[in-house]
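J.: give me a model of this one.
(one chain, ligands or ions: 1)
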Amino acid sequence: MNYYSILQPQVQVSFKDAAILGQAPDKGLFFPTNIPRYTSDEWRAMFQLPANELGYQIMRPYVGDAIPEQELKDIIAATLSFPFPLVPIAHNIYALELFHGPTLAFKDVGARFMSRCLGYFFRNQHSKLTVLVATSGDTGGAVACGFLGVEGVEVIILYPKGRVSPVQELQLTSCGENITALAVEGTFDDCQQMVKEAFMDKQLSALLQLTSANSINIARWLPQQLYYILAMQQWPQHLGVPVIAVPSGNFGNLCAGLVAHQSGLPIHHFIAACNVNDAVIKFLAGAAFAPAAATATLSNAMDVGNPSNFIRIIELFQKNNTVIRQLISGYTITDEETLTAIAKLYQQYQYIADPHGAVAFSAVEKYLEKFPNHPCIFLETAHPVKFPETVEKVIGKPIQLPPAAIELMKRTGISIPIAANYSQFKDWLLSR
Ligand SMILES: *Cc1c(COP(=O)(O)O)cnc(C)c1O
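T.: Presented below is the predicted three-dimensional model:
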């Protein structure tokens, strides 16, 4: 399979080059040249397979001959090394829990797959690959954990000092080995700016092989379709074809679900659930797409004003906005509605949701007002323990730490303080 730049379809590269480059040289996003299609019999047969084997079948065509069979099987096994349970909430509502990975949020799958692919491409190489990541919290942890111990790759994380939660900071700073955390005296935007300057610095890229672990990388984006496939593998077929609600920020996850749907996966309809950062929701309601500055909310991993994967959705449907608006309903959920959803899930269904999953549940409720009793799945993308200030206040009791968090809290973190200044960052990079 090749990948083309959405800005220039004639520019095509292999899976390997697309994964290493992250973004096309013209700054366009990469997109697969063809999406495999399976019949309902083929899906039924694939659902009989264990998750690892199913994941391998799905990802094989996207990777092509870039990675041999056994290595790709090992990568998939490491990517899917935790459960993705479909949990019944009400007679027609299920939660797909995507937070059982090591950093307790759904970004683990994409980060683990991408890191192992890059590790394979850079095995036995004299030159190392240096991954630079600016993070406001969640992404850095998933990337750090995904790349931990991967040979041939070093990861440098820039995070704004004092502006990430204690759990997040430990996830960034306690890995050691090939992971280094820089505590930047500044904001997330400063971190991002320093990384951007490093990528544009020709002198630096002559000395170091740099890449980003950005969420637009195809190796982070495409494996997310496995969530939808694993959901359907567990789905009680007698309920009929479900609607799936996706809490969305950058729209990578939802767009991966649409890819699976285009491969013939039986999903009736999608719900895009956003907080007040809702440029895509307004588009779905008929307006032109108008990105805006981000507003801070309780579901902060979705505080994205200009979702980068929106363009991939348009590409997937060959710019046919009518088809897009038929397949996806969009709902904007306020912080107040998010809190109400957390309370209702707890009081009525004894389920503790995080703010992101609660946004998706709230959107499901709005959809059900129009289509009563339709079977729905909402994606629960983070463990509630990552957002204790919000969740514990609503449910009125402490949330029990899962084993991964208990282990984490025992560790000590190390970070290197650095000014929000590119030339100091560059000196540090070159002086190691
Ligand atoms: C990143 C993230 C999202 C949003 O996913 P996108 O693919 O960016 O739309 C939702 N929930 C959580 C917990 C996240 O970390």
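J.: list the contacts of the helix or strand containing Ile271.
T.: For Ile271, the element it lies in under DSSP states H and E is strand 269-274. For strand 269-274, the surrounding residues in contact (C-beta atoms under 8 Å, 6 or more residues apart in numbering) are 243-249, 251, 254, 257-258, 261, 280-281, 284, 302, 327-333, 359-360, 362-364, 367, 376, 378. (Each C-beta comes from the backbone N, C-alpha and C, glycine too.)
J.: over to stretch 34-45?
T.: By C-beta under 8 Å, 6+ apart, stretch 34-45 touches 1, 46, 61, 232, 259, 262-266, 316.
J.: counting by contacts, list what the helix or strand of the chain with the lowest mean pLDDT packs against.
T.: When the helices and strands of the chain are scored by mean pLDDT, DSSP states H and E, helix 403-409 comes last with a mean of 85. Helix 403-409 sits against helix 166-173, with contacts defined as 3 or more C-beta pairs under 8 Å, 6 or more residues apart in numbering; DSSP states H and E.
J.: got the contact list for the helix it packs on?
T.: In contact with helix 166-173 (C-beta under 8 Å, 6+ apart) are residues 103, 135, 137-138, 140-141, 144-145, 157, 159, 164, 181, 183, 385-386, 405, 408-409, 411, 413-415.
J.: among those residues, which are in strands?
T.: Taking DSSP state E, the ones among the contacts of helix 166-173 that sit in strands are 157, 159, 181, 183.
J.: chain center to the host helix or strand of Gln326: distance?
T.: In this structure, Gln326 is located in helix 321-327 according to DSSP H and E. Taking the mean of its C-alpha atoms, helix 321-327 sits 23 Å from the chain's own mean (C-alpha atoms, centre = their mean, to the nearest Å).
J.: what's the answer for stretch 353-373, then?
T.: The answer for stretch 353-373 is 20 Å, by C-alpha atoms, centre = their mean.
J.: try stretch 421-430
T.: On C-alpha atoms, centre = their mean, the centre of stretch 421-430 falls 29 Å from that of its chain.
J.: ends of stretch 231-250, what's the gap?
T.: 21 Å (C-alpha to C-alpha, to the nearest Å).
J.: can you list the strands that the strand holding Ile271 pairs with?
T.: strand 243-247 (parallel), strand 328-332 (parallel) (DSSP bridges).
J.: what angle sits between the helix or strand just after the first one and strand 243-247?
T.: Toward the C-terminus, strand 243-247 is succeeded by helix 252-262 as the next helix or strand (DSSP H and E). Using axes from the mean of the first three to the mean of the last three C-alpha atoms, to 10 degrees, the inter-axis angle of helix 252-262 relative to strand 243-247 is 160 degrees.
J.: can I get helix 252-262 as PDB, trimmed to CA atoms?
T.: Output of helix 252-262 as PDB, limited to C-alpha atoms (Å, rounded to 0.1, in the frame of the first residue of the first chain):
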ATOM      1  CA  GLY A 252      -8.100  10.800  14.400                       C
ATOM      2  CA  ASN A 253     -10.100   8.200  16.300                       C
ATOM      3  CA  LEU A 254     -13.500   8.900  14.600                       C
ATOM      4  CA  CYS A 255     -11.800   9.100  11.200                       C
ATOM      5  CA  ALA A 256     -10.200   5.600  11.800                       C
ATOM      6  CA  GLY A 257     -13.700   4.300  12.600                       C
ATOM      7  CA  LEU A 258     -14.900   5.700   9.300                       C
ATOM      8  CA  VAL A 259     -12.100   3.800   7.600                       C
ATOM      9  CA  ALA A 260     -13.300   0.600   9.200                       C
ATOM     10  CA  HIS A 261     -16.800   1.400   8.100                       C
ATOM     11  CA  GLN A 262     -15.600   1.900   4.500                       C
END
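J.: shouldn't Lys27 be in contact with Leu7?
T.: Yes. Here Lys27 reaches Leu7: they are 7.1 Å apart, a contact under C-beta atoms under 8 Å.
J.: quick one, which of these two is more surrounded?
T.: Ranked by neighbour count (other C-beta atoms under 10 Å), Lys27 and Leu7 place Leu7 first, with 13 against 9.
J.: can you read off the pLDDT for the residue lying closest to that one once chain neighbours are set aside?
T.: Take Leu7 and drop its neighbours on the chain: the residue closest to it by C-beta to C-beta, 6 or more residues apart in numbering is Gly28, 3.3 Å away. pLDDT for Gly28: 90.
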